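[1] Sharing a sequence plus its predicted fold:
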Amino acid sequence: MSADGKPSVWVMMPWAERNTYQSSLGAEIEALGYRVVYRRRRGFLPLGGVGKEWAGGRRVLHLHWIEELANGRRRWMVTVRWLLLWVQVWWMRRRGVMVLWTGHNLEPHEGFGLPGQRWFYRRVIRQADGVMVHCRAAGKLIVERWGLPRDRMLVVPHPLFAGDYPAASSRGEARERLGLAGADRVVVHVGMLKAYKNLGELIRVFGASTVAGVNDRLVIAGMSLDPALTAELEALAERDPRVRVDPGFLSPESLVDYVSASDVVALPYRATLTSGVAMLAATYGRPVIGPGEGCMSEMMGGHGFEYSLAEERGLVRALDEALACDDLGGMGERFAEHNAAATWERMAGVLVDWAEGSAAGSSG
């Protein structure tokens, strides 16, 4: 509630319904007095359907994966939507709406396929009054890449997902359900199957490892919207009976089963700024293998298997170290403890304090 007694509104766009990040954060923002609204794009306009939410009080437009607001089937449509998104954000700021952008990624994972997209992306995010990042390194990268002022960065660690997903299964029960009973070490990757995740290389490295035993397993599970990539991964898996690719939607229960069945979670990304899957692994006490880029090194805090993207055979070394480690359980517990102070309540408090302070500053 604002000083004039009108309800304060916090709109999150675009809404990723199956990702608990927004709903978990939104619940804590609501507890601090805002009415939280989740919106997908409606109609042709990138921010279509949002205007009616601005009844009065403090108003925050919280943007996440903005490229999804401008996508379309035709090239001209994508370009026009980027232009409209830029204009709509500008117009809302003129009307007193505070704009917050969460920098989940340094740039869209799929890149900028059309001329002008990078230009519009820069113009849209540079209009944000505040930019939330999950570590100082991410803030530095965003400032350098996009020319944003440093004083707009809000550094808030990515929370664990405690209570957001079902309780962990025992490793034995999860493996039994997934057909992994009798396996020794199990390396798992979960999440959308996308090219930037470098999963084909993970399969090749696992297959060539001199440490991976005959009873060790690599399992890659998640939904794919790229039939060619799915076919490539399945073809690679057919060459090694220790490797499994399970493409398809993962329910929360299935997702937890895959993580529970694992000894270590592999995130062999070609580029990363932050990782919700890393925090999911930490939530269930599983260490991760991943590049020490963006926030990953800070997230791991030395309790994982880190490598540099510039390191020749870095993924090979990290995977072999994980497979040879005799304290993966202890490492996973320390990984969780390292991130235990990061909560959705803490994140919401930082963001609401920012919104209240920004509103007071603009009115003063």
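    It's in. Numbers count the residues shown, from 1 in each chain.
[2] Show me where the stretch 251-364 of the chain has its strands.
    Remark: strands assigned in the stretch 251-364 of the chain by DSSP state E, counting those that start in this stretch are 264-266, 288-291, 305-307.
[3] Redo these as a markdown table? Include mean pLDDT, mean neighbour count and distance to Thr20.
    Backbone N, C-alpha and C define where each C-beta goes, glycine included. Output for the strands of the stretch 251-364 of the chain, formatted as a markdown table (pLDDT from 0 to 100; neighbours: other C-beta atoms under 10 Å; distance: least, C-beta to C-beta, whole Å):
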| stretch | mean pLDDT | mean neighbour count | distance to Thr20 |
| --- | --- | --- | --- |
| strand 264-266 | 98 | 27 | 17 |
| strand 288-291 | 98 | 26 | 19 |
| strand 305-307 | 97 | 21 | 26 |
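[4] Tell me the buried residues in stretch 291-310?
    291-300, 303-307 (16 or more other C-beta atoms under 10 Å).
[5] from those residues, which is closest to Ala183?
    Phe305 (19.1 Å; C-beta to C-beta).
[6] these two touch, right, that closest one and Glu321?
    Yes: taking C-beta atoms under 8 Å as the definition, Phe305 is a contact partner of Glu321 at 5.3 Å.
[7] Doesn't Val187 belong to a strand?
    Yes: judged by DSSP: H, G, I helix; E, B strand; the rest coil, Val187 forms part of a strand.
[8] Output the strands of the stretch 251-364 of the chain in a markdown table; the columns should cover distance to Ala231.
    Shown next, in a markdown table, are the strands of the stretch 251-364 of the chain (distance: least, C-beta to C-beta, whole Å):
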| stretch | distance to Ala231 |
| --- | --- |
| strand 264-266 | 21 |
| strand 288-291 | 25 |
| strand 305-307 | 28 |
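[9] nearest to Val131, of these?
    Once the strands of the stretch 251-364 of the chain are compared by C-beta to C-beta, strand 288-291 is nearest, at 22.7 Å.
[10] what does that closest one rub up against?
    For strand 288-291, contacts defined as C-beta atoms under 8 Å, 6 or more residues apart in numbering pick out 187, 264-269, 272, 275, 277-278, 281-282, 296, 300, 304-309, 314-315, 318-319, 322, 335.
[11] run the last query once more with 6 Å
    Residues outside strand 288-291 that contact it (C-beta atoms under 6 Å, 6 or more residues apart in numbering): 265-267, 278, 281, 296, 304-305, 307, 309, 318-319, 322.
[12] Among the residues you listed, which pair sits farthest apart?
    Farthest pair in those, by C-beta to C-beta: Ala281 and Leu309, 19.7 Å.
[13] residue contacts, Arg118?
    Arg118 touches Phe112, counting by C-beta under 6 Å, 6+ apart.
[14] so how far is Tyr196 from it?
    To Tyr196, Arg118 is 17 Å away according to C-beta to C-beta, to the nearest Å.
[15] just Ala237 next, same as before
    Counting by C-beta to C-beta, the gap from Ala237 to Tyr196 is 19 Å.
[16] Mind checking which of these two has more residues around it?
    Ala237 (20 against 14; other C-beta atoms under 10 Å).
[17] Packing partners of the lowest-mean-pLDDT helix or strand in the chain?
    Sorting the helices and strands of the chain by mean pLDDT, DSSP states H and E puts helix 344-363 at the bottom, at a mean of 85. Contacts defined by 3 or more C-beta pairs under 6 Å, 6 or more residues apart in numbering; DSSP states H and E place helix 344-363 against helix 20-31.
[18] Show me where the stretch 51-200 of the chain has its strands.
    59-63, 98-102, 130-133, 153-155, 186-190.
[19] Tell me the gap between the first one and the middle of its chain.
    If you compare the mean C-alpha spot of strand 59-63 with that of the full chain, they lie 19 Å apart, counting by C-alpha atoms, centre = their mean, to the nearest Å.
[20] what do you get for the third one?
    For strand 130-133, the gap between its own C-alpha mean and the chain's C-alpha mean amounts to 14 Å (C-alpha atoms, centre = their mean).
[21] ok, it: who's next to it in the sheet?
    strand 98-102 (parallel), strand 153-155 (parallel) (DSSP bridges).
[22] average pLDDT for it?
    Mean per-residue pLDDT for strand 130-133: 98.
[23] ok, back up a step: between the strands of the stretch 251-364 of the chain, which one is nearest to His134?
    Nearest of those (C-beta to C-beta): strand 288-291, 14.4 Å.
[24] Would you list the strands that that closest one pairs with, along with their directions?
    strand 264-266 (parallel), strand 305-307 (parallel).
[25] what are the C-alpha coordinates of it, in PDB please?
    Only the C-alpha atoms of strand 288-291 are listed here, as PDB (Å, rounded to 0.1, in the frame of the first residue of the first chain):
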ATOM      1  CA  VAL A 288      27.900 -29.700  -9.500                       C
ATOM      2  CA  ILE A 289      30.400 -29.800 -12.400                       C
ATOM      3  CA  GLY A 290      30.400 -26.500 -14.300                       C
ATOM      4  CA  PRO A 291      32.400 -23.600 -15.700                       C
END
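[26] So Met223 is in contact with Phe249, correct?
    Yes: with contacts counted by C-beta atoms under 6 Å, Met223 reaches Phe249, the gap being 5.0 Å.
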